[in-house]
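1. let me see the structure of the following:
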Amino acid sequence: MKTFNIGELSEKSGVASHAIRFYERENLMPEPARTQSNYRRYPEDAIARLQFIIHAKQWGFTLDEIRELLMLQDANGDRAEAKRIAKKQLEKSDIRSRAFLALRRSCQKPWRNAPVKDQWTAARLSKRSPKKGNAASRLRMN
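-> Below you'll find the model as predicted:
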């Protein structure tokens, strides 16, 4: 079986070596085998595991949720439990998506749909006459 040192694993997985060490400390990656010189040696399946961690983070899973999913996977665990964790994350993602879409819609509305306070402030400011000698009055005179 082919093994990799941490630099090779980092290059093949696209994950920085300090992140790999962090995932080891967080028990997301199993303790790697060591050489006589105490260098880490990772098996080929470490690449897929790191890519799973990265994708799970991108989908918004917490490290605790990722750890739980990996423990289930390692133990050929309960698929129903894995589905429950994934479903919970999907629900959180749906909530974030709806909030983002609502924010996007509100940003696309024209000025006339701005909140009343902002309309009142804009109307009040537009009725002010410029003070003598300020830049706005000089522009209007020209």
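
2. got the buried residues for the lengthiest helix in the chain?
-> Of all segments of type helix in the chain, defined using DSSP state H, the longest is helix 79-108. By neighbour count on 16 or more other C-beta atoms under 10 Å, the buried set for helix 79-108 is 85, 89. The C-beta positions use only the backbone N, C-alpha and C, and glycine is treated the same way.

3. what does stretch 20-39 give?
-> Within stretch 20-39, the residues scored as buried using 16+ other C-beta under 10 Å are 20, 23, 24, 28, 29, 32.

4. in CSV, could you pull the C-alpha coordinates for that stretch?
-> Coordinates of the C-alpha atoms in stretch 20-39 are reproduced here as CSV (Å, rounded to 0.1, in the frame of the first residue of the first chain):
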residue,chain,number,x,y,z
ILE,A,20,-4.0,18.4,8.3
ARG,A,21,-2.3,18.5,11.6
PHE,A,22,-5.2,20.5,13.0
TYR,A,23,-7.7,17.8,11.8
GLU,A,24,-5.5,15.2,13.5
ARG,A,25,-5.7,17.2,16.8
GLU,A,26,-9.5,17.5,16.4
ASN,A,27,-9.8,13.7,15.8
LEU,A,28,-11.1,14.1,12.3
MET,A,29,-8.1,12.3,10.9
PRO,A,30,-6.8,9.1,12.4
GLU,A,31,-3.3,9.2,14.0
PRO,A,32,-1.0,8.4,11.1
ALA,A,33,1.7,5.7,11.1
ARG,A,34,5.2,7.0,11.9
THR,A,35,8.6,6.2,10.4
GLN,A,36,11.6,5.4,12.6
SER,A,37,12.5,9.1,12.3
ASN,A,38,9.0,9.9,13.6
TYR,A,39,7.7,11.3,10.2
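
5. now do it, average pLDDT.
-> What stretch 20-39 shows for mean pLDDT is 94.

6. other SSEs contacting the longest helix of the chain?
-> Contacting helix 79-108 under the criterion 3 or more C-beta pairs under 8 Å, 6 or more residues apart in numbering; DSSP states H and E are the following elements: helix 63-74.
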